[in-house]
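**Student:** Sharing a sequence plus its predicted fold:
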Amino acid sequence: MPMKAAVLTSPRPVSQRPLQVIDVADPQPKAGHVLLRVRACGVCRTDLHIVEGELPPTQPSMTPGHQIVGEVIGGPTEDIPLGSRVGVSWVGGTDGTCSYCKRGQENLCDSPTFTGYSVPGGYAEYVLARADFVFPLPAVLDDLHAAPLLCAGIIGFRSLRVAGVEPGERVGLFGFGSSAHLAISVLRAWKCDVYVSTRGKSHRDLAASLGATWAGSETDKPPVELDRAITFAPSGDVVIAALSSLRKGGVVAINAIHLDRIPQFDYDRLLWGERQLRSVANMTRADARDFLALAAQIGMKPKVTVFSLHQANEALMAVKNDAVDGAAVIAA
C-alpha cells in the first residue's frame, strides 16, 4: 500500500518548494528494525541544509526529517513492544566496529547512518528505524512537545557538555532558535546565568520570558565576560562574536553541522589566554537517554508551531526566516 511522504529529488532554495508530497511505497519490514507510524516530526535547520543542498545529496531522492515521534506497529522487541511510543534522532545507526565506536565516541563513527539524509526520515506517514537507535519516551512528554527534543534538544544538551558548563556559570547563547530555547531550560535548572544574543525582537522576548539574565541583538555584546558560549547560527561571524565575549580559559562550542566560514581574527585578543573553540558533532545514545530523562524531570515543554505534512515547504521556510519562535513540528 502507498503512503504519503514529502520527497526531495533536486535540492534547491526552499522558496522554490523543493519537497513534493506524493504517494510512495510503504517501508518494508527489515531485520533489526522497527516499523513506526509517525505521530509527529520536528523540523530542524539541518533539514534545511539538506533540502537546499548545503549538505550534498546521498541518494537520488530522500524524505527528510529526523526528530520523529512514532508508534511501533511492526518488528517489536522485548524492550520495544507493539504500541510503544519511541523517538528517533539524527544518528540512526553506527557501525559499532570503527575506532571511534570502540572508544565510546559513536557520535564520530566513520560509517554512520543519518535519519532523513542517508535513510528515509519522518516527513512521512511511516518510517523504519533501527531498534537499537530508538528511545522510549517518558509519558509526561506528549508527541508535539517531544519531537523537538529529539535533535534540537539532544544536540543542545551535548553542546552544553562539550562546552563544559558547570552549575552557576555565566553562559552565552548566540542565536535563539529551536535548540537554544531548549538549552536555556537546562541552564536555568543548573542555576546558570544566561546571556542571549540573537536577531529578532520576538526571539529576544522569548529568551527573556524563559529566564535569560540579558537578551541583546546579534550586534550587542553581553555585559559580562562569559564562562562558556554556544553558537547556534550557521555563521562564522557569530563564532567571532562569541569568542570576543569569553573570559580567559572560557570555551565556545559551535552547534552547527554547516558553517558558512570563519573570518580571519586576532589571535592575541580573541583566542590567547587558553580560550577554546570546539565543534559539536552529532550525539550519542547516552546523550539522548540522559537528556530525555532530564527533560521529563524538569517538565520541559518547548514552544511549538504545528504544520501539516502538505505544509513541509512552508515549515522549512519559516525555520529559514526565523519566523517560528521555538520549534516547528509536522503532525498529522
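**Tutor:** Yep, that arrived.
**Student:** Can you read off the pLDDT for the spatially closest residue to residue 110 that is not a sequence neighbour?
**Tutor:** Leaving aside its chain neighbours, residue 110 sits nearest to residue 98 (4.1 Å; criterion: CB to CB, 6 or more residues apart in numbering). For glycine as for every other residue, the C-beta is placed from the backbone atoms N, C-alpha and C. Looking at residue 98, its pLDDT reads 98.
**Student:** burial of residue 98, as a residue count?
**Tutor:** 16 (other CB atoms under 10 Å).
**Student:** Which residues are in contact with it?
**Tutor:** 109, 110, 111 (CB atoms under 8 Å, 6 or more residues apart in numbering).
**Student:** Buried only: go through these for me.
**Tutor:** Buried by 16 or more other CB atoms under 10 Å: residue 109, out of the contacts of residue 98.
**Student:** ok, so of the contacts of residue 98, who is nearest residue 203?
**Tutor:** Of all these, residue 203 sits closest to residue 109, with 33.6 Å by CB to CB.
**Student:** got the contact list for the closest one?
**Tutor:** Counting by CB under 8 Å, 6+ apart, residue 109 makes contact with 91, 94, 95, 98, 100, 101.
**Student:** Now do the phi/psi pair for the residue nearest to residue 110.
**Tutor:** Main-chain torsions, residue 98, degrees, to the nearest 10: phi -70, psi 170.
**Student:** Buried residues in the longest strand anywhere in the chain, which are they?
**Tutor:** Ranked by residue count and defined by DSSP state E, the top strand of the chain is strand 33-43. Using 16+ other CB under 10 Å as the test for burial, strand 33-43 gives 33, 34, 35, 36, 38, 39, 40, 41, 42, 43.
**Student:** Likewise for stretch 75-86?
**Tutor:** Those would be 75, 80, 84, 85, 86, for stretch 75-86 by 16+ other CB under 10 Å.
**Student:** same question, stretch 324-332
**Tutor:** Here stretch 324-332 shows 324, 325, 326, 327, 328, 329, 330, 331 as buried, counting by 16+ other CB under 10 Å.
**Student:** In the stretch 151-300 of the chain, what residue spans correspond to strands?
**Tutor:** 170-174, 193-197, 214-216, 226-231, 246-254, 276-279 (DSSP state E, counting those that start in this stretch).
**Student:** Was I right to think residue 307 contacts residue 330?
**Tutor:** Yes: Residue 307 lies in contact with residue 330 (CB atoms under 8 Å); the separation is 5.3 Å.
**Student:** hey, what's in contact with both of these two?
**Tutor:** Common contacts of residue 307 and residue 330 (CB under 8 Å, 6+ apart): 43, 315.
**Student:** max-length helix in this protein?
**Tutor:** The single longest helix within the chain, with elements called by DSSP state H, is helix 285-298.
**Student:** about what we covered before: which two of the contacts of residue 109 have the greatest separation?
**Tutor:** Within these, 91 and 98 form the most distant pair, 13.6 Å apart (CB to CB).
**Student:** hang on, the earlier thing: would JSON lines of the buried residues of strand 33-43 with distance to residue 58 and pLDDT be doable?
**Tutor:** Formatted as JSON lines, those follow (distance: CB to CB, whole Å; pLDDT from 0 to 100):
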{"residue": "33", "distance to residue 58": "19", "pLDDT": "97"}
{"residue": "34", "distance to residue 58": "22", "pLDDT": "97"}
{"residue": "35", "distance to residue 58": "22", "pLDDT": "97"}
{"residue": "36", "distance to residue 58": "21", "pLDDT": "98"}
{"residue": "38", "distance to residue 58": "21", "pLDDT": "98"}
{"residue": "39", "distance to residue 58": "26", "pLDDT": "98"}
{"residue": "40", "distance to residue 58": "25", "pLDDT": "98"}
{"residue": "41", "distance to residue 58": "19", "pLDDT": "98"}
{"residue": "42", "distance to residue 58": "21", "pLDDT": "97"}
{"residue": "43", "distance to residue 58": "20", "pLDDT": "96"}
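**Student:** between those residues, which is closest to residue 182?
**Tutor:** Among these, residue 42 lies closest to residue 182 (CB to CB), at 10.6 Å.
**Student:** From residue 99, how far out is residue 73?
**Tutor:** Distance of residue 73 to residue 99, given as CB to CB, to the nearest Å: 37 Å.
**Student:** Looking only at neighbour counts, state which of those two leads.
**Tutor:** Comparing residue 73 with residue 99 by other CB under 10 Å, the one with more neighbours is residue 73, at 14 against 10.
**Student:** which secondary structure element contains the more buried one?
**Tutor:** For residue 73, the host element (DSSP states H and E) is strand 67-74.
**Student:** in that strand, what's buried?
**Tutor:** Residues of strand 67-74 classed as buried by neighbour count (16+ other CB under 10 Å): 67, 68, 69, 70, 71, 72, 74.
**Student:** Isn't residue 117 up against residue 56?
**Tutor:** No: between residue 117 and residue 56 no contact is recorded; they are 10.1 Å apart, counting by CB under 8 Å.
**Student:** Right, I'll leave it there.
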